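Visitor: My questions concern the predicted model and sequence given below.
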Amino acid sequence: MKIEASPKTPSVMFDGEQALLVIKGRSIPENSVEFYRPIMEWLDQYAAKPSTKTNVNIQLEYFNTSSSKCILDIFKRLESIHKSGNEIVINWFFEEDDEDMQEAGEDYQAIIQIPFKMQMI
């Protein structure tokens with residue numbers, strides 16, 4: 001699955017064979033649920049037969065409140081894959097001076113039972 005970035009939406013790349021999910025950019029779509037729906041559907045299919053180890057790279061520069069709920073839903077799906085005995089590695093990237101994005105990653109980490117690797121860039 002590949003979604004090109006736009007001024008309001010992040011680029012999304014899922015490679016099931018490489019067990020890699022990358023979300024990068026800004027997430028302020030008009031309708032977050034509609035934008036993230038195909039991603040959720042892809043994750044649901046992937047969860048039926050996941051890789052033993054999945055890498056997730058999140059590198060968002062900004063996201064709105066409705067996107068934050070959708071991102072949490074993505075993490076919850078990943079958490080269920082993790083709980084079924086598969087390794088999930090979440091790399092949360094944030095810029096050195098972006099305390100808001102660092103705190104957002106820490107907040108998600110507190111909610112989701114998957115270890116995050118906080119990556120300053």
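Guide: Okay, I see it. Numbering: from 1, shown residues only.
Visitor: Provide the backbone phi and psi angles at residue 88.
Guide: Residue 88 adopts backbone torsions of phi -120, psi 130, taken as degrees, to the nearest 10.
Visitor: now residue 42
Guide: Here is the backbone geometry of residue 42 (degrees, to the nearest 10): phi -60, psi -40.
Visitor: can I assume it is in contact with residue 14?
Guide: Yes. Applying Cβ atoms under 8 Å, one finds residue 42 in contact with residue 14, separated by 5.6 Å. Yep, even glycine has a C-beta here, placed from its N, CA and C like the rest.
Visitor: Spit out the residues that contact these two alike.
Guide: residue 1 (Cβ atoms under 8 Å, 6 or more residues apart in numbering).
Visitor: which one of these two has more residues nearby?
Guide: Comparing residue 42 with residue 14 by other Cβ atoms under 10 Å, the one with more neighbours is residue 14, at 21 against 16.
Visitor: Correct me if wrong, but that one is in a strand.
Guide: Yes. Residue 14 forms part of a strand when assessed by DSSP: H, G, I helix; E, B strand; the rest coil.
Visitor: Next, the residue nearest to residue 120 when sequence neighbours are not counted: secondary structure please.
Guide: Excluding the flanking residues, the one nearest residue 120 by Cβ to Cβ, 6 or more residues apart in numbering is residue 96, at 5.4 Å. Here residue 96 is coil, with the state taken from three-state DSSP.
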